[in-house]
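Enquirer: Provided below for reference: sequence and predicted model.
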Amino acid sequence: MDWFYSFPNMNDDTLRNLKKAMDEGFKAFTRQYGDVIESFFQPLQYFLIQAERFMTTTPWPVMIVLIGGIAWIASRNWKIVGGTILTLLLIGYFDMWSDAMKTIAMIFVGTVVSIVVGIPIGIVMARSDGFQRMVNPILDVMQTMPSFVYLIPVVMLLGIGKVPGLIAVVIYAIPPMIRLTNLGIRLVDKDVLEAADAFGSSSWQRLRNVQIPLALPTIMAGINQTIMMALAMVVIASMIGVQGLGQPVLRSVNGQFFSLGLFNGLAIVGIAIIFDRVSQAYGKRLQKHQEVVHG
């Protein structure tokens with residue numbers, strides 16, 4: 001009756017050999033194709049370095065005016081603009097400005113990459129049920145797999161540094177972008193699509209002029225969730241060399257420095273609130289605009 005109390009499992013030697021074969025296979029793949037994969041991500045590294053350099057070398061008053069201006073253009077709300085500027089001033093006053101700018105640069109680049117990759121995939125999913133059935137399980141795995149697991153293959157392929165951290169951030173943050181783009185396009189009223197067809201619109205014209213504009217509020221919700229999930233990866237990505245507010249938090253955990261972790265953690269929360277409020281306000285403005293245009 002041992003089998004009743006102890007779950008039957010693979011033989012230890014067989015399991016050990018299987019794991020060894022998988023590890024050796026991945027190491028062989030890394031040795032053979034690692035340089036090719038690294039060169040493929042060179043443009044991404046350049047984009048990230050330039051964004052980080054711009055954020056950290058631009059004088060702080062200019063950055064505050066620039067970020068405040070973006071918040072105003074997106075939200076048209078003085079409360080959100082005031083909250084944005086106050087948060088940035090407090091971050092700078094507590095000597096976290098440089099780390100905050102590096103974090104914002106990482107989130108900006110990660111969000112741009114997620115949008116550029118995620119929206120086309122979401123559009124294809126909305127237009128093909130078969131492709132949706134194929135991609136959905138992959139998205140399920142990406143959203144349920146522990147975030148630490150992303151770091152293992154990325155580090156083995158690309159080593160420690162900014163780009164591996166950025167890739168881990170994108171993998172973790174892109175599923176909401178894909179899912180909500182797909183959902184937004186599928187929720188467009190069929191009567192509107194039939195009217196577009198009646199006016200002789202091509203498939204591309206219908207997508208560009210009807211489906212994407214009507215799906216924009218949902219797509220903006222996807223962008224909002226992508227930003228939030230990217231920020232959630234900041235501390236974890238700091239374990240593989242990503243600079244920013246995550247590294248002081250990691251040091252505070254290792255060294256049990258309460259104040260260091262508290263201040264930098266609150267700075268991450270402040271940046272998250274800025275991104276959240278600005279993107280939500282912009283999404284609401286888009287929705288109101290669509291309601292006015294389409295009645």
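Expert: Cool, the structure landed.
Enquirer: Need phi/psi at residue 7.
Expert: Dihedral pair for residue 7: phi -60, psi 130, per degrees, to the nearest 10.
Enquirer: So it versus residue 22, what's the distance?
Expert: Residue 7 sits 22 Å away from residue 22 when distances are taken as CB to CB, to the nearest Å. Just so you know, the C-beta spots here come from the backbone N, C-alpha and C atoms, and that holds for glycine as well.
Enquirer: Now do the helices in the stretch 151-295 of the chain.
Expert: Ranges of helices in the stretch 151-295 of the chain, per DSSP state H, counting those that start in this stretch, are 162-186, 190-198, 203-206, 212-232, 234-237, 246-255, 258-294.
Enquirer: How far away from the center of its chain is the second one?
Expert: Read that as helix 190-198. 34 Å (CA atoms, centre = their mean, to the nearest Å).
Enquirer: List the buried residues of that helix.
Expert: Across helix 190-198, burial judged by 16 or more other CB atoms under 10 Å covers residue 196.
Enquirer: number of nearby residues for residue 82?
Expert: Residue 82 has 12 neighbouring residues, counting by other CB atoms under 10 Å.
Enquirer: wait, what's in contact with residue 135?
Expert: 121, 125, 178 (CB atoms under 8 Å, 6 or more residues apart in numbering).
Enquirer: got the angle for the host helix or strand of the first one vs helix 258-294?
Expert: When you say that, I think you mean residue 121. Per DSSP states H and E, residue 121 falls inside helix 97-127. Relative orientation of helix 97-127 versus helix 258-294 (axes from the mean of the first three to the mean of the last three CA atoms, to 10 degrees): 40 degrees.
Enquirer: So which of the helices of the stretch 151-295 of the chain is nearest residue 52?
Expert: Closest to residue 52 of the helices of the stretch 151-295 of the chain, according to CB to CB: helix 162-186, at 7.9 Å.
Enquirer: Reformat the helices of the stretch 151-295 of the chain as CSV; add mean pLDDT and distance to residue 111.
Expert: Formatted as CSV, the helices of the stretch 151-295 of the chain follow (pLDDT from 0 to 100; distance: least, CB to CB, whole Å):
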stretch, mean pLDDT, distance to residue 111
helix 162-186, 89, 7
helix 190-198, 83, 29
helix 203-206, 84, 26
helix 212-232, 87, 5
helix 234-237, 78, 13
helix 246-255, 83, 16
helix 258-294, 82, 9
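Enquirer: Now do whatever helix or strand comes next after the helix holding residue 121 against helix 97-127, angle only.
Expert: Where DSSP H and E defines the elements, the next helix or strand beyond helix 97-127 is helix 129-144. Interaxial angle of helix 129-144 relative to helix 97-127 (the same axes, to 10 degrees): 150 degrees.
Enquirer: on that earlier part again, the more surrounded of residue 7 and residue 22?
Expert: Per other CB under 10 Å, whichever of residue 7 and residue 22 has more neighbours is residue 22, with 10 against 6.
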